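> next one to model:
(2 chains)
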There are 2 protein chains.
Amino acid sequence: MGGESEKWILMVTARTPTNIAVIKYWGKRDETLILPINDSISVTLDPSHLCTTTTVSVSPSFDQDRMWLNGKEISLEGGRFQSCLREIRVRAQDVEDKKKGIKIKKEDWQKLHLHIASYNNFPTAAGLASSAAGLACLVYSLAKLMNLKEDNSQLSAIARQGSGSACRSLYGGFVKWVMGKEDNGSDSLAVQLADEKHWDELVIIIAVVSARQKETSSTSGMRDTVETSALIQHRAKEVVPKRIVQMEDAIQNRDFPSFARLTCTDSNQFHAVCLDTCPPIFYMNDTSHRIISCVEKWNSAEGAPQVAYTFDAGPNAVMIAHNKKTAALLLQRLLYNFPPQSDTDLDSYIIGDKSILKDAGIKDMKDVEALTPPPEVKDSIPLSQKSKGDVSYFICTRPGGGPVVLSDETQSLLGPLTGLPK
Amino acid sequence: MGGESEKWILMVTARTPTNIAVIKYWGKRDETLILPINDSISVTLDPSHLCTTTTVSVSPSFDQDRMWLNGKEISLEGGRFQSCLREIRVRAQDVEDKKKGIKIKKEDWQKLHLHIASYNNFPTAAGLASSAAGLACLVYSLAKLMNLKEDNSQLSAIARQGSGSACRSLYGGFVKWVMGKEDNGSDSLAVQLADEKHWDELVIIIAVVSARQKETSSTSGMRDTVETSALIQHRAKEVVPKRIVQMEDAIQNRDFPSFARLTCTDSNQFHAVCLDTCPPIFYMNDTSHRIISCVEKWNSAEGAPQVAYTFDAGPNAVMIAHNKKTAALLLQRLLYNFPPQSDTDLDSYIIGDKSILKDAGIKDMKDVEALTPPPEVKDSIPLSQKSKGDVSYFICTRPGGGPVVLSDETQSLLGPLTGLPK
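Below is the predicted model:
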C-alpha cells in the first residue's frame, strides 16, 4: 500500500441474479448465523431481467465504509452487512494491479475503507428477492476485489449471513442450500444441482401484484412461525427432507409434472405455516388466490401440469411454464383474467422477454380485448368484472446464470476518480 | 293406526340452534358414517338470532316422504337424509294422541310417510352452518314425533350422519363432539361441556362477508385435505388432542385469554391445512384477513385478548367478545373499518341483539361517520380507502340454548289439515 497521499482507487463491478425457491426456506435454527431448519432448492432467474449490479471500490483516500443502493446512501451499520464485511476481510489476500501500480497486502484490508454502489434492474420494493441478489452481489464483488481463494460455494456461506436466500444466488440454474449440521454454520451453503442449460426450455412469468397492506418482513415472520406454529417442525423434519430428494430427481430428469407438483405444494405449505403462526401471517391476497385458481383449473383440465406457481413472502406470483408454448398459453390466460388498466401501455405491462407476447399472438390492446375465455372456463367473465389494476405488471423471463464480473469499466456504478456514484 | 281412509295428521315443530366450532372439525375417517379424525368443541349460538325451525308431520294420507326448505320443495333422496330417516324409523316407538284419537304402533312407522318443512331465520347461503342446524332439527323433531327413547347425545349420533357438525347442535352452551373409536360410529357423539348460563357474559358478533368466488363445499374440501395434506394427520393426532383438553379447562374456568388464544390459533390452523391441500382451498378472503388484523392489533395493544375470532368454511368472521363492554368496543372498531354502503340502512346492517349498538353509542349513520380511529391504529384511514360493501351485515348474538319443541301450533310450518307448507 502506498502513502497516505496516494489517490488510487481500485474497483470491481459484478452482476448477480435473484432466485426463486421451489422448496421453501422458512425458519432459522440460528438467528445470527442465519442457519435454516431445512434444506431449500431454488431456480436462478435470468439476470438480464432481474439482477443486482454492484461496484465495490477501495482507496486509501476513503475515510469510512459507505454504500449507495439505487443511488441513495444507506447505512452499513446493520449486523448483517457487518458480518459479511468482516468475514470477507479476514479472508482477503494480497492484491496487485501492475497496470495501475497498486499493491495491497492482505493485512492492509483491515485498515482500508470501501465504497459500494448497488443497483437493482427491478423495483426494490416489489418483493422480488432484492436482498438475495443484493447481498450475493456484495459478497461476490468484494471477494473478487480482495482476491479471495474461496469458491462460490464457500462464498455462499458468507452471503448467507447477510441474507439467507442470498446464498442461492451464487450459482445459476438450479441450486440447493444445504442446511448443514455444524453449529458455526460452515457447512450451511449452496451447491449447484444443475446449470441453466440443463433445462433450458422452462419459461418464467412473474405477476407483480398490487398490495394494499404492508407486509410482515420475512425475518420477523419466520421467527414468529418457528416460535408459535404447531406445524413448522413437522414440515421441516418430516415433509421437506422427502421433497428435497424428489425435487432433485425431478430437476435431474427434467420431469415437469413432478417439478410442478412439488413447487406448488411446497409454496402452499409455506403459506400454510405462515397462517398457522400467531398472530397469523398473510402474504397472499385475493389476487394471488385468483392466479392460483386460474393455473390449477388449467392444469386440471389438461390432466397434467402445464405451469407451476410459487409465492414468496408477498403476493407476487412466480409461474414456471413447461416450455415456450405453454408460456404463451399462460400469458393469454393471465391477460384474459388480468387485463391492464385502460391507461396502461401494453409495452410496460409485459416486460422482460417480449417474445412470449409475440408467441401469444398479442401485438396491442385490441388483441388483449379480443381474448376469448380459455376452454377450461365455463362462463366468460364480463370485462366489467375483470379486475384491472390487481396486477401491476408481468415480467417474462427464464432460468439464468450465476454471478459474473463485468470487466467493461463503463458499467461501473462509481466514478473511477471520485469513488462516488456516477 | 286407523284405516286407509283416515285423514288425521300428527305433527311436531321444533327449533334447533346453529353452532360455531372453536376447536375445528376437519377431516373424516369414515365418509359414509361421518366419523371425524379428531374431537371438536363448539359454542351454540342463540336461536333467537340464528336457528332452524322444522315441522315434521305424519299421516296415512301422505303417499311419499316430502320436504320443503324455506318454502321450496327439495329432494330427500340424498344418502345423508336417508341415513337419518332410516336410523330414526328403526328406533321409533308406539305413539298415542288420545285427544286426536290417533294410535301409531312402532312397526307402522316403516310404512307411514312424512312431510317435513324447515325454515332458517338467517340466509341459508350466507355460510352460517345452516346444514348443522337443519339436520339437527330434522332429527330432533322426528325423534319427538316418533317418541324415541334416546337422549340428545344418542340423537346427536344420528344427526352426525346427516351433517357432521349437526351433532353439536343437539345441546346449548358449550359442546364437545367426541370422535369415538368404534367402527360403527356408535360412540361418535356430542356431549355438553357446560350450558349457556355457565358463561353468559360472552357476546358474539358475526361479520357476513361478501364473497366474490364460489366456495369449495366442506364435504369435498375436507376429503381433499385428508387425501393430500402433509400436515392434517399431525394436526389431528398431535395438536388437536392437547387443545381439546386446554379448551375444556378454559371453558370450565371461564378463562377468556386461554379460550381466545385457542379459538384463534385453531381457526388459523384449520385454514392452514386447507391451504396445504392440493389444489389449495381458500375460504378466507382479503376482508377476512383485515378483520383478523383489526382484532389482533387490538388484542396486542391491550396486552390481553379482548376478542376471539374464528372462521368456518367461508369468509364470514365469528367474533366472540369477553363481555358486553368489549363487544361495544369491537363494534365501534368494525364499523370504523367496515362502514355500510351509503344506501344501506344501519338497522339492516347491524341485526340481532341491537343493545350492543346502543352500548357502542351508535344511533345513526352520523355516529358511524363520526367514529375516530381506535388508539391502536396509528394512521386514520381516509373514508375513501375504507371498503364499504366488503361486509354485507353484522349479526350481534350470544351463546344460546339447545333444541326445543314449540308447542304453540301457530308456529307450525305445515297446515294442520293439508300437511303442506302454510
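> test my guess that residue A:18 contacts residue A:46.
No: with contacts defined as CB atoms under 8 Å, residue A:18 does not count as touching residue A:46, sitting 9.6 Å away. Quick note: C-beta positions are derived from backbone N, CA and C, even for glycine.
> between the two, who's got more neighbours?
When residue A:18 and residue A:46 are compared for neighbours, residue A:18 comes out ahead with 31 against 21, by other CB atoms under 10 Å in any protein chain shown.
> so for that one, what's the nearest residue that isn't a sequence neighbour?
Taking CB to CB, 6 or more residues apart in numbering or on different chains as the measure, residue A:18 lies nearest to residue A:133, with 4.0 Å between them; neighbours along the chain are not counted.
> how many neighbours does that neighbour have?
Taking other CB under 10 Å as the criterion, the count of residues near residue A:133 is 32.
> sec struct for it, please.
helix (DSSP: H, G, I helix; E, B strand; the rest coil).
> do residue A:193 as well
strand.
> from memory it sits against residue A:251, does it?
Yes: checked against CB under 8 Å, the pair residue A:193 and residue A:251 is within contact range at 5.6 Å.
> who's more crowded, these two?
Set side by side, residue A:193 and residue A:251 show more neighbours around residue A:251, with 22 against 18, by other CB under 10 Å.
> quick check: residues of the stretch 51-200 of chain A near chain B?
Residues of the stretch 51-200 of chain A lying close to chain B (CB under 8 Å from any CB of the partner chain): none.
> poorly predicted segments of the stretch 51-200 of chain A, please.
Under the criterion pLDDT under 70, the flagged ranges of the stretch 51-200 of chain A are A:124-127.
> now do the buried residues in the top helix by length along chain A.
For chain A, the helix reaching the highest residue count under DSSP state H is reported as helix A:256-275. Buried residues in helix A:256-275, defined by neighbour count with 16 or more other CB atoms under 10 Å in any protein chain shown: A:256, A:258-275.
> so which of those are also by chain B?
Counting by CB under 8 Å from any CB, A:261, A:264, A:265, A:268, A:269, A:271, A:272, A:273, A:275 from the buried residues of helix A:256-275 sit close to chain B.
> excluding its backbone neighbours, what's nearest the fourth one?
The spatial neighbour of residue A:268 that comes closest, neighbours along the chain excluded (CB to CB, 6+ apart), is residue B:280 at 4.5 Å.
> for that neighbour, what are its contacts?
If you count contacts by CB atoms under 8 Å, 6 or more residues apart in numbering or on different chains, residue B:280 has them with A:268, A:292, A:296, B:274.
> rewinding a little: could you dump the ones next to chain B among the buried residues of helix A:256-275 to TSV with pLDDT?
Shown next, in TSV, are those (pLDDT from 0 to 100):
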residue	pLDDT
A:261	98
A:264	98
A:265	98
A:268	98
A:269	98
A:271	98
A:272	98
A:273	98
A:275	98
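> would you mind putting those residues into JSON lines with distance to residue B:421 alongside?
As requested, these are exported to JSON lines (distance: CB to CB, whole Å):
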{"residue": "A:261", "distance to residue B:421": "50"}
{"residue": "A:264", "distance to residue B:421": "48"}
{"residue": "A:265", "distance to residue B:421": "48"}
{"residue": "A:268", "distance to residue B:421": "46"}
{"residue": "A:269", "distance to residue B:421": "49"}
{"residue": "A:271", "distance to residue B:421": "47"}
{"residue": "A:272", "distance to residue B:421": "45"}
{"residue": "A:273", "distance to residue B:421": "50"}
{"residue": "A:275", "distance to residue B:421": "44"}
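> next, the buried residues of the helix or strand hosting residue A:366.
The secondary structure element spanning residue A:366 is helix A:365-369 (assigned by DSSP states H and E). With burial defined by 16+ other CB under 10 Å, the residues of helix A:365-369 counted as buried are A:365, A:368.
> do stretch A:93-110 as well
For stretch A:93-110, burial by neighbour count (16+ other CB under 10 Å) applies to A:95, A:102, A:104, A:109.
> what is in contact with residue A:193 and residue A:251 at once?
Contact with both residue A:193 and residue A:251 is made by residues A:41, A:174, according to CB under 8 Å, 6+ apart.
> contacting residues for the closest residue to residue A:218 other than its chain neighbours?
The spatial neighbour of residue A:218 that comes closest, neighbours along the chain excluded (CB to CB, 6+ apart), is residue A:313 at 4.2 Å. Taking CB under 8 Å, 6+ apart, we find residue A:313 in contact with A:127, A:215, A:216, A:217, A:218, A:221, A:283.
> which stretches of the stretch 301-422 of chain A form strands?
With DSSP state E, counting those that start in this stretch as the definition, the stretch 301-422 of chain A shows strands at residue ranges A:307-310, A:317-321, A:350-352, A:391-397, A:404-405.
> which one of the ones you listed lies nearest to residue B:82?
strand A:307-310 (41.4 Å; CB to CB).
> does chain B have contacts with that closest one?
No: taking CB under 8 Å from any CB as the criterion, strand A:307-310 and chain B are apart, separated by no less than 10.1 Å.
> tell me how far that strand lies from the chain's centre.
With CA atoms, centre = their mean, to the nearest Å as the basis, the distance from the averaged C-alpha position of strand A:307-310 to the chain average is 16 Å.
> same question for it, mean pLDDT?
Strand A:307-310 shows a mean pLDDT of 98 in the predicted model.
> so which elements touch that strand?
strand A:19-23, helix A:256-275, helix A:286-302, strand A:317-321 (3 or more CB pairs under 8 Å, 6 or more residues apart in numbering or on different chains; DSSP states H and E).
> stretch A:238-257 - what's its average pLDDT?
In this model, stretch A:238-257 has an average pLDDT of 98.
> got a list of what the nearest residue in space to residue A:128 that is not next to it in sequence touches?
Nearest non-adjacent residue to residue A:128, counting by CB to CB, 6+ apart: residue A:122, 5.6 Å away. Neighbour list for residue A:122: A:18, A:49, A:50, A:128, A:130, A:395 [criterion: CB under 8 Å, 6+ apart].
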